[in-house]
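Q: structure here, sequence nowhere to be found:
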Ligand SMILES: Cc1cc2nc3c(=O)[nH]c(=O)nc-3n(C[C@H](O)[C@H](O)[C@H](O)COP(=O)(O)O)c2cc1C
């Protein structure tokens with residue numbers, strides 16, 4: 001089976017990379033191609049009809065540094081016809097005013113450019129004050145908190161992967 005999904009992640013301290021690898025392992029290496037966004041361009045994103053985007057939030061509501069570098073180029077990209085799922089790592093206690101902001105900003109930009117969002121994730125079970133990733137009662141994608149809720153990470157990833165598999169028709 002040809003590769004179908006491009007998974008692009010950025011990471012500072014490795015958490016998002018670990019989650020990205022778990023998602024890739026569960027969906028299968030035949031389905032997912034993993035890319036560190038530090039080595040990727042918007043042309044690489046354009047190669048895929050199905051995308052998974054992983055970005056932790058840093059520095060009080062900022063994108064991770066490599067995503068920050070790529071972000072301006074998204075304005076020149078066309079995501080129409082693409083189906084996109086998002087995930088991110090954040091700290092809902094230490095950074096309660098900016099929990100998961102980065103996936104929220106990426107989703108806003110990519111959806112504005114035509115990308116169809118799947119993999120929305122309930123905010124139940126999280127406690128935070130503000131988040132740019134919330135749409136109604138859902139996050140734009142999977143929220144992982146390795147700083148405070150690492151015991152929930154494996155179950156969250158498994159449930160989300162099942163949901164995305166279904167919503168992407170994989
Ligand atoms: C200086 C600093 C700033 C941070 N800012 C935020 C933030 O604004 N929002 C958030 O949800 N998490 C924030 N975090 C938590 C990180 O996103 C979290 O530790 C994440 O797991 C890191 O992912 P990575 O290892 O893939 O880089 C911050 C952490 C540090 C050390």
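A: Received, thanks. Computed from a prediction, not measured in an experiment: that's the story for all the values here.
Q: going forward, measure contacts between C-alpha atoms and count neighbours the same way
A: Noted.
Q: is any residue of the longest strand along the chain near the ligand?
A: Looking across the chain with DSSP state E, the single longest strand is strand 83-89. Yes - residues of strand 83-89 contacting the ligand under CA under 6 Å from any ligand atom: residue 89.
Q: ok now that strand, how far from the chain's centre?
A: Chain-centre distance of strand 83-89: 3 Å, with CA atoms, centre = their mean, to the nearest Å.
Q: packing partners of it?
A: helix 15-27, strand 50-54, helix 101-112, strand 116-118, strand 142-144 (3 or more CA pairs under 8 Å, 6 or more residues apart in numbering; DSSP states H and E).
Q: next, the angle helix 15-27 makes with it.
A: Angle, strand 83-89 to helix 15-27, by axes from the mean of the first three to the mean of the last three CA atoms, to 10 degrees: 130 degrees.
Q: and this protein, which of its residues are near the ligand?
A: Counting by CA under 6 Å from any ligand atom, the chain sits next to the ligand at 11-16, 56-61, 89-92, 95, 98-100, 146-147.
Q: follow-up on the earlier one: among the helices and strands packed on strand 83-89, which is nearest residue 135?
A: Closest of the helices and strands packed on strand 83-89 to residue 135 is helix 101-112, at 8.9 Å (criterion: CA to CA).
Q: picking that back up, could I get the helices and strands packed on strand 83-89 as JSON lines with mean pLDDT and mean neighbour count?
A: Listed next are the helices and strands packed on strand 83-89 as JSON lines, based on pLDDT from 0 to 100; neighbours: other CA atoms under 10 Å:
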{"stretch": "helix 15-27", "mean pLDDT": "98", "mean neighbour count": "19"}
{"stretch": "strand 50-54", "mean pLDDT": "98", "mean neighbour count": "25"}
{"stretch": "helix 101-112", "mean pLDDT": "98", "mean neighbour count": "22"}
{"stretch": "strand 116-118", "mean pLDDT": "98", "mean neighbour count": "19"}
{"stretch": "strand 142-144", "mean pLDDT": "98", "mean neighbour count": "27"}
